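*Asks:* Sequence and predicted structure are below.
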Amino acid sequence: MEQEILAGLKKTVLDYEIEKAESVAKDAISKGLDPIKCAEALTEAIRQIGEGFEKGDLFLADLVGASEVVKKALPPIHEEITRRGQKTASLGKVVIGTVFGDIHSIGKDMVATLLFANGFEVIDLGVNVRSDSFIDAAKKSEANILAMSALLTTTVMEQKNVIEGLRKEGIRPKLKVIVGGAPINQEFADRIGADGYGSTALEGVAIAKGLLGAG
């Protein structure tokens, strides 16, 4: 019975069943399944999608669709984990978002999905995120990494503003910062004081692992 339910959870991801995701997750919890096993089933499924994407067997739409399923299914599972006082294994905690003035989400979503699939706890702030929101989230969550995306040349300096804000708050030494986006390069990342730069989602994950010694 348990294995059937966990298989059903995985199926929602592998078949991109966004509309069923939340109800399937809630049903698993209502039947008394260990929420950590439920989270692991989702992670395994999204990892399969991520590996298919890396190999070129799947497309961006597949990764985005699977990511949306996980976003719908995880909240009731995390709520039950918290209620039980359990903890999930994690390589580290990452706060991620697209900077203020920029509403592009696909690149950021890809990185967030692959980070989750590789064992990171991901706090996705979405798009058009103000500097103080990044800083507040990093402080409250005690994140290990802050990852920022900017797809417009007019918004890239927001990444610098956030880093300067982290310094003013005195939390910059405790936090690794990764930046990315079409207009960004290594020279720019170095100039604004970022710890890492990734030109692709896969590079971003590799850099996150390396910064935390998990590579």
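*Replies:* Arrived safely, thanks for sending.

*Asks:* buried sites along the lowest-mean-pLDDT helix or strand in the chain?
*Replies:* Using mean pLDDT, DSSP states H and E, helix 106-117 stands out as the lowest-scoring helix or strand of the chain, at a mean of 87. In terms of neighbour count (16 or more other CB atoms under 10 Å), helix 106-117 has its buried residues at 107-117. The way it works is simple: take the backbone N, C-alpha and C, and place the C-beta from them, glycine included.

*Asks:* show me where this structure has helices.
*Replies:* Taking DSSP state H as the criterion, the chain carries its helices at 2-14, 18-30, 35-55, 60-84, 106-117, 131-141, 157-168, 186-192, 201-211.

*Asks:* what's the most buried one of those?
*Replies:* helix 106-117 (a mean of 24; mean count of other CB atoms under 10 Å).

*Asks:* Okay, angle between that one and helix 35-55 too, please.
*Replies:* For helix 106-117 against helix 35-55, the angle by axes from the mean of the first three to the mean of the last three CA atoms, to 10 degrees is 130 degrees.

*Asks:* Report all helices and strands that helix 106-117 contacts.
*Replies:* In terms of contacts (3 or more CB pairs under 8 Å, 6 or more residues apart in numbering; DSSP states H and E), helix 106-117 is packed against helix 35-55, helix 60-84, strand 93-98, strand 121-124, strand 145-149, helix 201-211.

*Asks:* closest to Lys139 out of the ones you listed?
*Replies:* Closest of those to Lys139 is strand 93-98, at 9.7 Å (criterion: CB to CB).

*Asks:* Compute the first-to-last residue distance for stretch 110-127.
*Replies:* Using CA to CA, to the nearest Å, the end-to-end distance of stretch 110-127 comes out at 13 Å.

*Asks:* From the chain's centroid, how far away is that stretch?
*Replies:* 1 Å (CA atoms, centre = their mean, to the nearest Å).

*Asks:* can you list the domains in this structure?
*Replies:* The chain breaks down into these domains under automatic domain parsing: 2-84, 93-211.

*Asks:* Give me the angle between the least confident helix or strand of the chain and strand 93-98.
*Replies:* Taking the same axes, to 10 degrees, one finds helix 106-117 and strand 93-98 inclined to each other by 170 degrees.

*Asks:* Which residues does helix 106-117 contact?
*Replies:* By CB atoms under 8 Å, 6 or more residues apart in numbering, the residues outside helix 106-117 that reach it are 43, 46-47, 49-50, 60, 63-64, 66-67, 70, 94, 96-98, 122, 124, 127, 147, 149, 151, 180-182, 198, 201-202, 204-205, 208.

*Asks:* hang on, the earlier thing: including mean pLDDT and distance to Ser133, could the helices and strands packed on helix 106-117 go into TSV?
*Replies:* Formatted as TSV, those follow (pLDDT from 0 to 100; distance: least, CB to CB, whole Å):
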stretch	mean pLDDT	distance to Ser133
helix 35-55	90	26
helix 60-84	90	19
strand 93-98	97	8
strand 121-124	93	11
strand 145-149	97	11
helix 201-211	92	20
